[in-house]
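[1] Fold the stuff below for me.
(2 chains)
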Amino acid sequence: MSVSTTQSSISHSSHTLSSPSQTIGSLTIDQQIEMIARGTFDIVPKADLKAKLLKSAKDGKPLQIKLGLDPTAPDIHLGFAVVLRKLRQFQDLGHEVVIIIGDYTALIGDPSGRSTTRPMLSSEEIAANGQTYVTQLAKVLDAEKTIVRFNSEWLGKLSFAELVNLASKMTVAQVMQREDFANRFSLGQPISLHELLYPLAQAYDSVAIRADVEMGGQDQTFNNLAGRALQKELGQEPQVVLLMPLLVGLDGVKKMSKSLGNYVGISEAPAAMFGKLMSISDELMPTYFELCTDVPMPDVRILTDADSTHPREAKKRLAREIITLYHGTAAAQAADDEFERVHKEHQVPEEMPEVVVSAESVDADGQVRLTALLVAANLAPSSGEAKRLIQQGGVSVDGTKFADPAGMLLVRSGQVIKVGKNRFARLVAPTGV
RNA sequence: GGGUCGGUGUCCGAGUGGUUAAAGGAGGCGGUCUGUAAAAUCGUCGGUGCAAGCCUACACAAGUUCAAAUCUUGUCCGGCCCA
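    Okay, the predicted model is just below:
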């Protein structure tokens, strides 16, 4: 993967079309389209995609597939991976991915709650951030066919006159079509002027790199279409806009995001992933199979039909499939075994956080107040919460319910504290106890 | 610039001087049930403390009062109308 802030990096993208495997290489255009279409929310317009694929195959020139990202630390969870995996498919078909890091769009965006302007990143910092992205994205993408660019490269060079000219290509009414703007406006919520410039800036990215396809989440519909419009306006062949649905999080309601805590990170430990995936609702299974795994759709239909497959088994299969993608088959099987042991045989997990009981917290008799211990062990956010958990019967020590909220515990190394259904910690007594 | 309305706990939203750590809903957490699913159901949700209690909290600050989320003034932020 190359990281470059120079204009020349675009030109290096003209190597010949290559395919990683015979099977993919031999796909007809229609088969390729079927593959690409899996799980998509929308492709605008589908006919253009076909035309571009045909042209690319004929000329032996890979398509430029664009994805714009915030310069904030990427939280690569399954939801984000949905888009990345689609990009990977394009790469497997021989095309080239251009990741655009919106360092400049982030700079001009000064959210109203923020009092200080974000400091301008130095080129060293920018390069360093780029490297971080490379490492993280490489978990899904093919590094050979990925280019990382920063949009300060071209947005930073725009003069005010040029910006005004660009802004003249779009009307307020057009921008206000965007659902979130329209909603906020009608609800009487504030919209800052600079926010209206966002779609324009993002659209200009597409012009700058001559994108053939722009990928994005469903929520990016408007921005991506603006790119298409602006390209047309400026005499370029307009990009195809390919939108992926937003993956619903573990709660089954809201989109998966780190801040909502309803996510599965792709770097999470296999056992943790397994547990989280088993907790999703049955209704979510088909979507997760379609968007997060490579299981062929006919198989998915059998797996998600409760008459042919027990939902529990299907869900375990789902968890194994996903874990295999990021940790390999062996880890997936191990996570499955562990899950069985803990939840079916009600044994304690093999691995769990260890908590060293501090010597000061232990009294002369070697006892600790359990509420304090729970807080120290990160099993409860506050002692009030710890008390509640105990009162409600959510805490057990070595399998025995601990019911006294004010109770003291005689600490022995190796004791297992369990809170709720799946939070465990193993105690390590202070030396000498 | 003028007028006007508003800023309450994770979110929404009641509350116009005192049994208000603040109704109700959403959501979270725990128990039961289950397939660690969903649904259902019971309980619980500021901090600290074994407890009595103490502390902090209704944008921010100052004030009136025995007593303020509630009244006054100023500041900040926002909506709407007018210019």
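
[2] care to break chain A down by domain?
    Annotated domains of chain A cover A:2-244, A:270-344, A:354-428 [automatic domain parsing].

[3] And for the closest residue to RNA strand B within chain A, nearest residue in space, chain neighbours not counted?
    Residue of chain A nearest RNA strand B, by C-beta to the nearest atom of the strand: A:G420 (2.4 Å). Backbone N, C-alpha and C define where each C-beta goes, glycine included. Nearest residue to A:G420 in three dimensions, chain neighbours excluded: A:G394, at 5.3 Å (C-beta to C-beta, 6 or more residues apart in numbering).

[4] Cross-check the contact I'm expecting between the one you found and A:N422.
    No. Contact criterion C-beta atoms under 8 Å: A:G394 and A:N422 do not qualify, at 11.4 Å.

[5] So between these two, which is more surrounded?
    Neighbours per residue (other C-beta atoms under 10 Å) separate A:G394 from A:N422, with A:G394 holding more: 18 against 15.

[6] Just the pLDDT for that one.
    Looking at A:G394, its pLDDT reads 92.

[7] what about the strands in the stretch 1-150 of chain A?
    All strands of the stretch 1-150 of chain A, identified by DSSP state E, counting those that start in this stretch, fall at A:2-3, A:42-44, A:64-69, A:96-101, A:146-150.

[8] ugh, wrong one, the stretch 301-433 of chain A
    Secondary structure of the stretch 301-433 of chain A (DSSP E, counting those that start in this stretch): strands at A:354-356, A:367-369, A:395-397, A:400-401, A:408-410, A:416-419, A:423-428.

[9] List the buried residues for the third one?
    Using 16 or more other C-beta atoms under 10 Å as the burial criterion, the residues of strand A:395-397 that qualify are A:395, A:397.

[10] Strand partners (parallel or antiparallel) of that strand?
    In the sheet, strand A:395-397 lines up against strand A:400-401 (antiparallel), strand A:416-419 (antiparallel) (DSSP bridges).

[11] sorry, back to before: neighbours of the residue of chain A closest to RNA strand B, just the number please.
    That count, for A:G420 with other C-beta under 10 Å as the rule, works out to 12.

[12] Just to check, it is in contact with A:S396?
    No. Using C-beta under 8 Å, A:G420 is not in contact with A:S396; the gap is 10.0 Å.

[13] what's the overlap in contacts for those two?
    Common neighbours of A:G420 and A:S396 are not found (criterion: C-beta atoms under 8 Å, 6 or more residues apart in numbering).

[14] Give me the below-cutoff pLDDT ranges for the stretch 151-300 of chain A.
    Scanning the stretch 151-300 of chain A for pLDDT under 70 picks out A:187.

[15] In it, what residue spans correspond to helices?
    For the stretch 151-300 of chain A, applying DSSP state H, counting those that start in this stretch gives helices covering A:152-155, A:160-167, A:172-176, A:179-186, A:193-209, A:221-233, A:270-278, A:285-292, A:297-303.

[16] Mind putting the ones you listed into a markdown table with distance to RNA strand B and mean neighbour count?
    Formatted as a markdown table, the helices of the stretch 151-300 of chain A follow (distance: least, C-beta to the nearest atom of the strand, whole Å; neighbours: other C-beta atoms under 10 Å):
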| stretch | distance to RNA strand B | mean neighbour count |
| --- | --- | --- |
| helix A:152-155 | 25 | 20 |
| helix A:160-167 | 21 | 12 |
| helix A:172-176 | 12 | 13 |
| helix A:179-186 | 7 | 12 |
| helix A:193-209 | 11 | 20 |
| helix A:221-233 | 20 | 21 |
| helix A:270-278 | 4 | 21 |
| helix A:285-292 | 8 | 20 |
| helix A:297-303 | 12 | 14 |
